[in-house]
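Q: Give me a 3D structure for the following:
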Amino acid sequence: MNLIVNPALAAAELLIEARESGPIDDLLDNCRPTNMDDVYAIHDAVAAELGPVLGWKVGAKNATAEPVCAPLLAGTIYSSPVQLDPQKFTMRGMESEIAFQFARDLPARDEPYSKDQVLSAIDTAFPAIEINESRYVDSDAVDPMTKLADNILNGALILGPPWKKWLDLVVADQKVQMSFDDKILYSHKGGNNAGDILRLVVWIANHMRKKGLGILAGQVVTTGSWTGLHRAGTAKQIITSFPGIGDVTVNF
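A: Got it, this is the predicted structure:
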């Protein structure tokens, strides 16, 4: 195995090229990540080339698991309803989410931000659809860290109408529905594995604080799927509905 000076940069170059030239089978052995520090270093290198960073996707496997995150890059956030080019979205993995937008900066500092400090910096929330896309031929065929290194499959985020009463959210009681064309694919109450999604927003604020970057006013944080990932296939219209919050529509 040939050693390289900067494995994260080498991996990032492969993933950036895949966005232009088409998906790759895997990262090379000498730049494949083995832990989350490696994953985040690759994210940083991709964002340095394709930024600015408009926000973050954050999720957790369960209510106590350590969250993971990836940057939302320039040109990947849209307002609903949106018409997207089907040639640019091939995987079309759809997830129903709730996103939050910050009204003011939370700069890097030594002292951790409290929950109240983070929530007071939020301006509004949105119902959202995240579109998952992979820069690998088969994202399920690569190892977990390599899969996460690909911006945790973020392709795009579509935001619905602003929702100001987000402090009233009770995840377990909130209904959510996703439909492909005229077929209801998913209808449920609750469903986000992270439980209290606001803890994810507090986590990302402190994660970025420790990285020396902080959170910037205007950045958006989306907080994981309520419906699981469902591939849209040939569906031409995808709608997510959070009753009492709003609808999000994506057209291909």
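Q: Low-confidence stretches in this protein?
A: Low-confidence segments of the chain (pLDDT under 70): 1-4.
Q: secondary structure class for the residue nearest to the spatial centre of it?
A: Centroid-nearest residue in the chain: residue 57, 2.9 Å away (criterion: C-alpha atoms, centre = their mean). The three-state label given to residue 57 by DSSP: H, G, I helix; E, B strand; the rest coil is strand.
Q: could you measure it against residue 157, distance?
A: Applying C-beta to C-beta, to the nearest Å, the value for residue 57 to residue 157 is 7 Å. Backbone N, C-alpha and C define where each C-beta goes, glycine included.
Q: Also residue 226?
A: From residue 226 to residue 157 the distance is 14 Å (C-beta to C-beta).
Q: Equivalent analysis for residue 22, please.
A: Distance from residue 22 to residue 157, counting by C-beta to C-beta: 23 Å.
Q: higher neighbour count, residue 226 and residue 157?
A: Just comparing residue 226 and residue 157: by other C-beta atoms under 10 Å the higher neighbour count belongs to residue 226, 27 against 23.
Q: Setting aside sequence neighbours, what's the nearest residue to the more buried one?
A: Sequence neighbours aside, residue 191 is the residue nearest to residue 226 in space, at 4.2 Å (criterion: C-beta to C-beta, 6 or more residues apart in numbering).
Q: Could you tell me whether that neighbour really is in a strand?
A: No. Counting by three-state DSSP, residue 191 is not part of a strand but coil.
Q: ok, residue 217 - contacts?
A: 102-105 (C-beta atoms under 8 Å, 6 or more residues apart in numbering).
Q: how about it, secondary structure?
A: coil.
Q: Just give me the neighbour total for residue 251.
A: For residue 251, the number of neighbouring residues by other C-beta under 10 Å comes to 14.
Q: How much space separates it from residue 85?
A: Distance from residue 251 to residue 85, by C-beta to C-beta: 11 Å.
Q: again with residue 200
A: Separation of residue 200 from residue 85 (C-beta to C-beta): 30 Å.
Q: These two: who's more crowded?
A: Each of residue 200 and residue 85 has its neighbours counted (other C-beta under 10 Å); residue 200 has more, 25 against 7.
Q: give me the element the more buried one is part of.
A: Following DSSP states H and E, one finds residue 200 within helix 198-210.
Q: likewise residue 195?
A: Judged by DSSP H and E, residue 195 forms part of no helix or strand.
Q: Contacts only, for it.
A: 62-63, 171.
Q: Next one: it relative to residue 67, how far apart?
A: Residue 195 sits 11 Å away from residue 67, going by C-beta to C-beta.
Q: Centre of the chain to the next helix-or-strand element following the helix holding residue 200, how far?
A: Next in sequence after helix 198-210, counting helices and strands by DSSP H and E, comes strand 220-222. Averaging C-alpha positions (C-alpha atoms, centre = their mean, to the nearest Å) puts strand 220-222 7 Å from its chain's average.
Q: Residues touching strand 220-222, excluding its own?
A: By C-beta under 8 Å, 6+ apart, the residues outside strand 220-222 that reach it are 54-58, 72, 77, 97-102, 126, 128, 130, 157, 159, 200-201, 204.
Q: Okay, now the sheet partners of that strand, with direction.
A: Each strand paired with strand 220-222, and its direction, by DSSP bridges: strand 53-59 (parallel), strand 93-102 (antiparallel).
Q: Cool, thanks, talk later.
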